[in-house]
Structure formats: C-alpha cells, structure tokens
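**Student:** Turn this into a model:
(one chain, ligands or ions: 1)
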Amino acid sequence: MRVKQWNTVTTALTVAGVLAGVVALLSQRPQAHPASYIALALLAAAAAVHFWKFRCPACHRVLPNQNAARITHCPFCGASLE
Ligand SMILES: [Zn+2]
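**Tutor:** Numbering: from 1, shown residues only. Below you'll find the predicted structure:
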C-alpha cells in the first residue's frame, strides 16, 4: 500500500475513533460505556499506523502530518511519494 493510502487509513481510524468517543460522551456513564474503549483503541491504532506506515519510502523518516493529502515529495530527501 502506498504512503498516501496509509494516510487515508489513519484519517478513517481517527474519524471513527472520534465518533465512538462522541457516542461514549453522550451516554450517561462514559467511563463505563464500551464505546470509550473502542474510541481509545481506534485512536491508538491511528497513531500507530501514522508512525509505522506514514514514512518516506526512500529515507524512512516519518512525514509531517500537515497538508498530508497534498504532499507529493518527501520534505527530507525529495523522493516522490506518488
Ligand atoms: Zn525521504
């Protein structure tokens, strides 16, 4: 899978985690709601995918998250990410 596809996975996991968190917070006892744990697991998975997979294929440095969708070349070594 390409770098940008992993970024899409990270975004999807983050959105799902936030939605699960909102569901938990809207419940009467968020700390006891299963969605709380689902939210934490999804956000932890998003962070893990980001740090393990959102890396330059050439120099293997973690890419900056800002403007991730528009990055076309590695800011560190200039390798193409397309
Ligand atoms: Zn690089």
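
**Student:** switch to C-alpha atoms for all contacts and neighbour counts from now on
**Tutor:** OK.

**Student:** you'd agree A35 is up against G21?
**Tutor:** Yes: counting by CA atoms under 8 Å, G21 is a contact partner of A35 at 6.4 Å.

**Student:** Quick check on these two: which one has the bigger neighbour count.
**Tutor:** Legend: neighbour count by other CA atoms under 10 Å for A35 and G21, higher for G21 (23 against 20).

**Student:** how close does the more buried one sit to the ion?
**Tutor:** To the ion, G21 is 34 Å away according to CA to the ion, to the nearest Å.

**Student:** ok, and the closest non-adjacent residue to that residue?
**Tutor:** In space, and not counting its chain neighbours, G21 is closest to A39: 5.1 Å by CA to CA, 6 or more residues apart in numbering.

**Student:** which element is the one you found on?
**Tutor:** Using DSSP states H and E, A39 maps to helix 34-53.

**Student:** Alpha carbons of that helix, as PDB, please.
**Tutor:** C-alpha atoms of helix 34-53 as PDB (Å, rounded to 0.1, in the frame of the first residue of the first chain):
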ATOM      1  CA  PRO A  34     -17.900   0.200  25.600                       C
ATOM      2  CA  ALA A  35     -17.600   3.000  23.000                       C
ATOM      3  CA  SER A  36     -15.000   4.600  25.300                       C
ATOM      4  CA  TYR A  37     -12.700   1.700  24.900                       C
ATOM      5  CA  ILE A  38     -13.400   1.400  21.200                       C
ATOM      6  CA  ALA A  39     -12.600   5.100  20.800                       C
ATOM      7  CA  LEU A  40      -9.300   4.700  22.600                       C
ATOM      8  CA  ALA A  41      -8.400   1.600  20.600                       C
ATOM      9  CA  LEU A  42      -9.200   3.300  17.300                       C
ATOM     10  CA  LEU A  43      -7.200   6.500  18.200                       C
ATOM     11  CA  ALA A  44      -4.300   4.400  19.400                       C
ATOM     12  CA  ALA A  45      -4.400   2.400  16.100                       C
ATOM     13  CA  ALA A  46      -4.500   5.600  14.100                       C
ATOM     14  CA  ALA A  47      -1.400   6.900  15.900                       C
ATOM     15  CA  ALA A  48       0.400   3.500  15.500                       C
ATOM     16  CA  VAL A  49      -0.400   3.400  11.700                       C
ATOM     17  CA  HIS A  50       0.800   7.000  11.400                       C
ATOM     18  CA  PHE A  51       4.200   6.400  13.000                       C
ATOM     19  CA  TRP A  52       4.700   2.900  11.400                       C
ATOM     20  CA  LYS A  53       3.400   3.500   7.900                       C
END
